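In: Fold the following, please.
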Amino acid sequence: MTVSNILFKDINQLRDDWILIVRVSRLWKCFNFRRDNELISLDMILIDEEHDVMHGTIPKNRVVKFKNQIREGHIYLIKNGKFIPCAATYKPVEGAYCLQFLMNTSIEEIKEVTVAIPEFKFQFAGVNDLQNRKNDTSLLLGILNGVGEIEKIVSTNSYKRDIILQIEQETFRVSLWEEISKKIDESLLMGDDKSVVIMITSTNVKEFQGKIYLNSTSGSRIYINLEIDEVHLLQRNNENIPVVKLQKRKLNEISVEEEMFKIEYKVDIAVTNGTVEAAFIMFDSVCQKLVGLSCSQLLKIQENNHERIPDVVNAFCGKTFVFKIKLSETYLKQGYETYTVLKKFPVKDELENDYKLQRLEEAIEDEDGKDSSTADAIQHQALTPKITDKTSTTRSSVEEQEQCSTMQSSNSGISNISKEKGEGTKHQEIEYNE
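Out: Down below sits the predicted model:
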C-alpha cells in the first residue's frame, strides 16, 4: 500500500487533512474514580515510522463506535483526526499535540506492513523529571527493592500493593492499585542471578510532606524484565540486588494515601427549636468531637455497611444541643437557609432558665405602656414552665422586672408574685392561680 502520510514531527494545527500510519503501542480506558469509576475516554500511545510517539484519545461519547475497530499492537491508517494541544495535567508522553478521534475519523488496519514501526517506545523519567512532574504522569524504570502485601484501603474501598523502586541512586515508594497490584507477587522475593527491573507506565506523581510518592493510574501498565536495551543495561550495572518483603502496616497506622487524601466528615442535619426548622452543616472538627472517632476510623468500623448511616451518628437524632453557627451579612441578605455549625455545646438547665428570664425582661420592656392584660399574657408565656426557688444569683435585672406585686389578667385571674429585696435573699416560687 502506497500512501502519502505525515509524521508526528511535521504536524501543526493549520491543517486537518492529515493521513497517519501508526502502531497502537498501548491502549487503555481512563476512569474517574471520584464519580464511581465513570468512563472518561479510551486512550492510546501511538508510534510512527520514525519511532516518535503521541498520545491519542477517544472521548467517551465516541468509544462505542471505535472500541471494536482498534487493537493494541496493530498498525493502522488514520484519517480525519483532530490534533489538539496536550493537557497540562495529563501527558502520558511528551509532545505538543494529542490526536483526538472525531465522529468522522476513519481507521483502517494495515495487514501488509511495509514500514518498520517498533512495538514499544518509552520515555523514562529520571529523578529530576519526577521533581518537575508533580501532579502529572511519568513512565518509571527502576530496580525492584521491596514488595508489600496486597491490603484493603477501607476509606476508598480499594486494594493496593506497595513496592520500593530504585531509580538512579534514590528509592521511591510506588502504590499499585486494584488489578495492577496483582501483576507483582512475592515470588519475586526468591531472586536469581540478576536484579529485577520494573517498568511502570502512566504513574501519577505526588508530593507529600516534602517526599515524592508515586501511584498507578487506570492507564498504568507494568513490565517485568522486558527484553529491551535499557533493561539489560540496568541489570548489568546493578547485579543481583535482592528484593525484600516490606513490613506489614500496623492495624491502627494510617497509610500515606489516607493522609494525602484525607477523608473528612460533612454531615447535613435538620434542626428545630420547637417553632421553626433549619438546615445545618457540620464539618470534620465538630463531628469528630460529637462522634468521638475520625471519619477514617468510623469507615473501618462500617467496613461492610458503607451505604448505611452509622449508628453512632443516628444516635444523636432527637437529642437537644446548643449550636454556635456561622452567620454573615451575605447569608442574611441572600436568604441562605443552610448554616455552618462552628461549635456544639450540651444543654444546661441553668442557661435555659436564664435565657427564659432574659426573654421575660425583653418582652416586658417592649410592651411597656400597653394594657396590663397584654403584658400579663406575655409574662405568662415567657415563664412557662414555672421556675422554682432561684437564689440571689439571679440578680437585679430580674428584680427590676418584678416591681409590680400584682398584675391583672383578663383571662386567667390573679398572678401573685412575692418578692424580697436585698442581697442574699430568695425569690419564692412564682405561682399561677387559674
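
In: where does the stretch 201-350 of the chain dip in pLDDT?
Out: Flagging of the stretch 201-350 of the chain using pLDDT under 70 yields the residue ranges 249-263, 302-307, 330-336, 349-350.

In: Now do the domain split for this protein, please.
Out: Partitioning the chain according to automatic domain parsing yields domains covering residues 8-109, 127-248+255-259, 266-347, 350-432.

In: Columns distance to Ile117 on top of the ones you listed, output as TSV?
Out: Yep, even glycine has a C-beta here, placed from its N, CA and C like the rest. Output for the domains of the chain, formatted as TSV (distance: least, Cβ to Cβ, whole Å):
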stretch	distance to Ile117
domain 8-109	4
domain 127-248+255-259	15
domain 266-347	47
domain 350-432	79
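
In: quick one: low-confidence ranges for the stretch 1-150 of the chain?
Out: The model of the stretch 1-150 of the chain has pLDDT under 70 over residues 1-4, 14-16, 34, 88, 135.

In: mind redoing it with 50?
Out: Screening the stretch 1-150 of the chain residue by residue with the criterion pLDDT under 50, one finds the ranges 1-2.

In: C-alpha coordinates for stretch 94-111, PDB please?
Out: Below are the C-alpha coordinates for stretch 94-111, written out as PDB (Å, rounded to 0.1, in the frame of the first residue of the first chain):
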ATOM      1  CA  GLU A  94       6.000  14.200  25.900                       C
ATOM      2  CA  GLY A  95       4.700  16.200  23.000                       C
ATOM      3  CA  ALA A  96       2.900  19.300  21.900                       C
ATOM      4  CA  TYR A  97      -0.200  17.700  20.500                       C
ATOM      5  CA  CYS A  98      -2.700  14.900  21.100                       C
ATOM      6  CA  LEU A  99      -4.700  13.100  18.500                       C
ATOM      7  CA  GLN A 100      -8.400  13.300  19.200                       C
ATOM      8  CA  PHE A 101     -10.800  11.000  17.400                       C
ATOM      9  CA  LEU A 102     -13.900  12.600  15.800                       C
ATOM     10  CA  MET A 103     -17.200  11.000  14.700                       C
ATOM     11  CA  ASN A 104     -16.000  11.200  11.100                       C
ATOM     12  CA  THR A 105     -12.500   9.800  11.900                       C
ATOM     13  CA  SER A 106     -11.700   6.800   9.800                       C
ATOM     14  CA  ILE A 107      -9.400   3.900  10.800                       C
ATOM     15  CA  GLU A 108      -8.200   1.100   8.700                       C
ATOM     16  CA  GLU A 109      -5.900  -1.700   9.700                       C
ATOM     17  CA  ILE A 110      -2.800  -2.300   7.600                       C
ATOM     18  CA  LYS A 111      -2.100  -6.000   7.500                       C
END
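
In: what's in contact with it?
Out: Applying Cβ atoms under 8 Å, 6 or more residues apart in numbering, the set of residues contacting stretch 94-111 from outside is 1, 8, 11, 13, 20-21, 46, 53-59, 62, 65-66, 69-70, 74-87, 123.

In: Out of those, which end up buried?
Out: Buried positions within the contacts of stretch 94-111, assessed by neighbour count (16 or more other Cβ atoms under 10 Å), are 8, 11, 20-21, 46, 53-58, 62, 70, 75-78, 81, 83, 86.

In: what ranges do the helices span in this structure?
Out: Assignment of helices within the chain using DSSP state H yields the ranges 63-66, 127-132, 229-237, 256-260, 284-291, 295-301, 311-314, 329-334, 349-366, 372-382, 396-401.

In: Give me the packing partners of the first one, helices and strands only.
Out: When you say that, I think you mean helix 63-66. The helices and strands touching helix 63-66, judged by 3 or more Cβ pairs under 8 Å, 6 or more residues apart in numbering; DSSP states H and E, are strand 38-47.

In: Convert the strand it packs on to PDB, retaining C-alpha atoms only.
Out: Presented in PDB, the C-alpha positions along strand 38-47 are these (Å, rounded to 0.1, in the frame of the first residue of the first chain):
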ATOM      1  CA  GLU A  38     -17.200   6.700  35.300                       C
ATOM      2  CA  LEU A  39     -15.600   6.200  31.900                       C
ATOM      3  CA  ILE A  40     -13.700   9.300  30.700                       C
ATOM      4  CA  SER A  41     -12.100   8.100  27.500                       C
ATOM      5  CA  LEU A  42     -10.300   5.400  25.600                       C
ATOM      6  CA  ASP A  43      -6.600   6.400  25.400                       C
ATOM      7  CA  MET A  44      -3.600   5.100  23.500                       C
ATOM      8  CA  ILE A  45       0.100   5.600  22.700                       C
ATOM      9  CA  LEU A  46       0.800   5.800  19.000                       C
ATOM     10  CA  ILE A  47       4.200   5.300  17.300                       C
END
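
In: Sheet-wise, list the partners of it with their directions.
Out: Looking at strand 38-47 with DSSP bridges, its partner strands are strand 19-32 (antiparallel), strand 53-59 (antiparallel).

In: chain center to the last one, what's the gap?
Out: Centroid separation between strand 53-59 and its chain, computed with Cα atoms, centre = their mean, to the nearest Å, is 28 Å.

In: Can you list the neighbours in contact with that strand?
Out: When contacts are defined by Cβ under 8 Å, 6+ apart, strand 53-59 is touched by residues 8, 22, 24-25, 41-48, 66-67, 81, 86, 91-93, 95, 97-101, 121, 123.

In: Pretty sure Ser158 is one of the things Trp177 touches, is it not?
Out: Yes. Judged on Cβ atoms under 8 Å, Trp177 makes contact with Ser158 at a distance of 6.2 Å.

In: neighbour-wise, which of the two wins?
Out: Applying other Cβ atoms under 10 Å to Trp177 and Ser158 shows that Trp177 carries more neighbours, namely 20 against 14.

In: What number of residues are in the vicinity of Leu27?
Out: Here the count is done by other Cβ under 10 Å, and Leu27 has 19 residues near it.

In: Equivalent analysis for Asn238, please.
Out: Close neighbours of Asn238, defined as other Cβ under 10 Å, add up to 14.

In: Measure how buried the residue lying closest to it once chain neighbours are set aside is and give me the count.
Out: When the adjacent residues along the chain are set aside, Asn238 lies closest to Ser195, with 5.0 Å between them (Cβ to Cβ, 6 or more residues apart in numbering). A count of nearby residues for Ser195, using other Cβ under 10 Å, gives 24.

In: My read is that Ser195 contacts Gln235, right?
Out: Yes. Counting by Cβ under 8 Å, a contact exists between Ser195 and Gln235, whose distance comes to 5.5 Å.

In: measure the residue nearest to Asn238 to Arg173 for me?
Out: Spatial separation of Ser195 from Arg173 under the definition Cβ to Cβ, to the nearest Å is 18 Å.

In: Could you do Thr217 as well?
Out: 16 Å.

In: And for Lys9?
Out: Using Cβ to Cβ, one gets 37 Å for the distance from Lys9 to Arg173.

In: again, but for Asn32
Out: Note on Asn32: its distance to Arg173, by Cβ to Cβ, is 25 Å.
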